[in-house]
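> Here's my sequence, what's the structure:
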Amino acid sequence: QLQFVESGGGLVQPGGSLRLSCAASGFTLDYYAIGWFRQAPGKEHEGVSCISSLDDSTYYADSVKGRFTISRDNAKNTVYLQMNSLKPEDTAVYYCAADRVQFRLCVLSPYEYDSWGQGTQVTVSS
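The predicted structure is shown next:
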């Protein structure tokens, strides 16, 4: 069974940085595209970034492009999300999830993902 544990969230001032980790167990990480999503209070899940299983190509939402970087370490079975120049509107619970299908390029639709982690809270505030 695919399982994830997210960590690295916290409280940070605007302009600050955080690195989120998504540790996977129960499967081989590089078989799957992995996505990061976030959900702010009263809003639906929003796709943030994803990394493909075939070639590690990446995709970012326009709202985070140039500020966030996704990467994977297959030896550690972990995916990271480096978040720089954080803004108050980045405040949300951040989740990682695995693609429903193995060995394909990633997309940022949450409906294409399952095996979600429990989430980690990111709060950007002065």
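
> Return the list of helices and strands in contact with the helix or strand bottoming out on mean pLDDT in the chain.
Lowest on mean pLDDT, DSSP states H and E among the helices and strands of the chain sits strand 113-114, with a mean of 89. Packing partners of strand 113-114 (3 or more C-beta pairs under 8 Å, 6 or more residues apart in numbering; DSSP states H and E): strand 92-102. (Each C-beta comes from the backbone N, C-alpha and C, glycine too.)

> and the very next helix or strand once past the least confident helix or strand of the chain, how far from the chain's centre?
Downstream of strand 113-114, the next assigned helix or strand under DSSP states H and E is strand 120-124. Centroid separation between strand 120-124 and its chain, computed with C-alpha atoms, centre = their mean, to the nearest Å, is 13 Å.

> Helix, strand, or coil at the residue most central in space within the chain?
By C-alpha atoms, centre = their mean, the chain has its centre lying nearest to W36, at 2.1 Å. Using DSSP: H, G, I helix; E, B strand; the rest coil, the structure places W36 in strand.

> host element of the nearest residue in space to it that is not next to it in sequence?
Excluding the flanking residues, the one nearest W36 by C-beta to C-beta, 6 or more residues apart in numbering is V48, at 4.4 Å. Per DSSP H and E: V48 is located in strand 46-51.
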